[in-house]
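Q: 3D, please:
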Amino acid sequence: MTISETSKLASPKQLAERSLIRLGAVTTGIVVTNLFAPQILVGLIGRSLAMTAFQAGLVSTLTLLGYALGLLLLVPLVDLVENRRLILRTLGCAILAALATAFAPSPSLLLLATFVLGASCAAIQMTVPLVASIVAQERRGQAIGEVMSGLMIGILLSRPAASLMADLWSWRAYYFASAVLMALLAAALGRYLPTLQPAARVGYIDLLRSFPRLLREEPVLRVRAWTASLVMASFTAFWSAVALRLPDAPFMLDAKGIAAFALIGVAGAAATPLAGRWGDRGWARPMFFAAHLCIIGSLALCACAGVMESRIAALLVLCLGTILLDVGITADQTLGRRAINLLRPEARGRINGLFVALFFVGGGVGCAGASLAWSYAGWTAVCAVAAGFGMLGLLTDVLTRTGTS
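A: Numbering: from 1, shown residues only. Below you'll find the model as predicted:
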């Protein structure tokens, strides 16, 4: 049999896998926008519904709180309920919640709808392990990397996309469009998503009780969730403060310029498939070193950009630093997900839920650290705090090889 004949025989399965991976990437990218768009829409929502400052602040908070609870209470169902049916039902709840948000007539109904929408976005973390499970172990890192690239692009595009739609139409148009897109995704997933029966044979309460035991028994989960939390802290510290810095000298960007700058980070998502492939080849340990060094170096560039006199030079250096920062962060996230998805198949849902919930905590710590640093010492201090999280990741690389095989 010739090489061409062999490739033709293998191509149908490979094409099916590739199509499902791309569908998974699109799904995670679109669904995740619902988590971050409220941060840019909150002012418009508050004015539209005559909300108090406290109520307006709850829009984003309840969305993210709902997501956190979804990670801990819904994602473990991956280990108990047939995965295709679970994902479609959860996505169906997200569609209804997005429509309810779009047509909410009062603050209380909107807050309830955004909470349910956030919880239903847990479908993201149900999709990632399902896609990983259908791919052979030697290609799992590449598959996770491609799905994660969709996730990162969705996170980075969520704010500018929501801002653009709100400017063209209204904030309600964003949520209506999100519901329509998720409905189209649900139709595609219903047709192409394979069924996956869970391996666990325990009750739901026992699933939840197993979280502490999984953390205790799985050092790979502990270490990789730790470094993922650190890099997420760097990510949120940088992106929560950079919008405050860009209107001032030497950058001097207006609102449209800041929205355009947010698109720069999308380039970093290109690193995710590469990180996954290199992890599959056994290069995870040097890649973790490179990722954390990249984060530290990128933040040094961003700090330097803030003290430059030339506007053009400052913007170029800041853009380079931003791209390198996102490359480092997405590489760590991809390699970490690859490592945990090689653990117990019967606990894949709980492991993924724990992993994401823990790095979500890191994101909150990063926001708090950036807020304090900005208040007391400005942009340079923010970059130093964000780089400090990267240095802790690098120290972890030196001290352990856990999760690098």
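
Q: touching stretch 100-110 from outside, list them.
A: The contact list for stretch 100-110 (CB atoms under 8 Å, 6 or more residues apart in numbering) reads 45, 49-51, 55, 59, 112-114, 116-117, 172-176, 179. In this view, the C-beta of every residue, glycine as well, is placed from N, C-alpha and C.

Q: what about the closest residue to Tyr204 other than its chain neighbours, how many residues nearby?
A: Using CB to CB, 6 or more residues apart in numbering and skipping residues adjacent in sequence, the residue nearest Tyr204 is Leu80, 6.1 Å away. Neighbour count for Leu80, taken as other CB atoms under 10 Å: 17.

Q: among the contacts of stretch 100-110, name the ones in helices.
A: 45, 55, 59, 112-114, 116-117, 172-176, 179 (DSSP state H).

Q: now the two most distant members of the residues you listed.
A: Maximum pairwise distance among those (CB to CB): 22.7 Å, between Gln55 and Ala179.

Q: next SSE after the lowest-mean-pLDDT helix or strand in the chain?
A: Taking mean pLDDT, DSSP states H and E as the measure, helix 271-280 is the helix or strand of the chain with the lowest mean score, a mean of 68. Using DSSP states H and E, the helix or strand that follows helix 271-280 in sequence is helix 284-305.

Q: any idea of the mean pLDDT for that following helix?
A: Averaging pLDDT along helix 284-305 yields 93.

Q: for it, buried residues please.
A: 284-285, 287-288, 290-299, 301-305 (16 or more other CB atoms under 10 Å).

Q: low-confidence ranges in the stretch 51-200 of the chain?
A: 136-138, 140-142, 199-200 (pLDDT under 70).

Q: who are the contact partners of the residue nearest to Tyr204?
A: 198, 200, 202, 204, 207, 349.

Q: between Gln55 and Ala179, which one's more packed in?
A: Neighbours were counted for Gln55 and for Ala179 using other CB under 10 Å; Ala179 has more, 22 against 17.

Q: gap between that one and Leu65?
A: 21 Å (CB to CB, to the nearest Å).

Q: next one: Leu164
A: Taken as CB to CB, the span from Leu164 to Leu65 is 27 Å.

Q: mind listing what's buried along the helix or strand where Val327 lies?
A: For Val327, the host element (DSSP H and E) is helix 311-340. Buried residues in helix 311-340, defined by neighbour count with 16+ other CB under 10 Å: 314-315, 317-319, 321-340.

Q: pretty sure Ala373 contacts Phe389?
A: No. Using CB atoms under 8 Å, Ala373 is not in contact with Phe389, being 11.7 Å away.

Q: residues in contact with both of these two, list them for me.
A: Ala237.

Q: which of the two has more neighbours?
A: Just comparing Ala373 and Phe389: by other CB under 10 Å the higher neighbour count belongs to Phe389, 27 against 21.

Q: secondary structure element for that one?
A: In this assignment (DSSP H and E), Phe389 forms part of helix 379-399.

Q: what of Arg18?
A: Element membership for Arg18, per DSSP H and E: helix 3-36.

Q: that helix - what's its average pLDDT?
A: Rounded mean pLDDT across helix 3-36 is 71.

Q: ok, stretch 352-368 next?
A: 81.

Q: convert it to PDB, retaining C-alpha atoms only.
A: The C-alpha coordinates for stretch 352-368 follow below in PDB (Å, rounded to 0.1, in the frame of the first residue of the first chain):
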ATOM      1  CA  ASN A 352     -11.700  20.100  34.600                       C
ATOM      2  CA  GLY A 353     -14.200  21.900  36.900                       C
ATOM      3  CA  LEU A 354     -11.700  22.100  39.700                       C
ATOM      4  CA  PHE A 355      -8.900  23.300  37.400                       C
ATOM      5  CA  VAL A 356     -11.000  26.100  36.000                       C
ATOM      6  CA  ALA A 357     -12.500  27.100  39.300                       C
ATOM      7  CA  LEU A 358      -9.000  27.400  40.900                       C
ATOM      8  CA  PHE A 359      -7.600  29.500  38.100                       C
ATOM      9  CA  PHE A 360     -10.700  31.600  38.300                       C
ATOM     10  CA  VAL A 361      -9.700  32.400  41.900                       C
ATOM     11  CA  GLY A 362      -6.300  33.400  40.500                       C
ATOM     12  CA  GLY A 363      -8.000  35.800  38.200                       C
ATOM     13  CA  GLY A 364      -9.800  37.500  41.100                       C
ATOM     14  CA  VAL A 365      -6.500  37.800  43.000                       C
ATOM     15  CA  GLY A 366      -4.900  39.400  39.900                       C
ATOM     16  CA  CYS A 367      -7.700  42.000  39.700                       C
ATOM     17  CA  ALA A 368      -7.400  42.900  43.400                       C
END
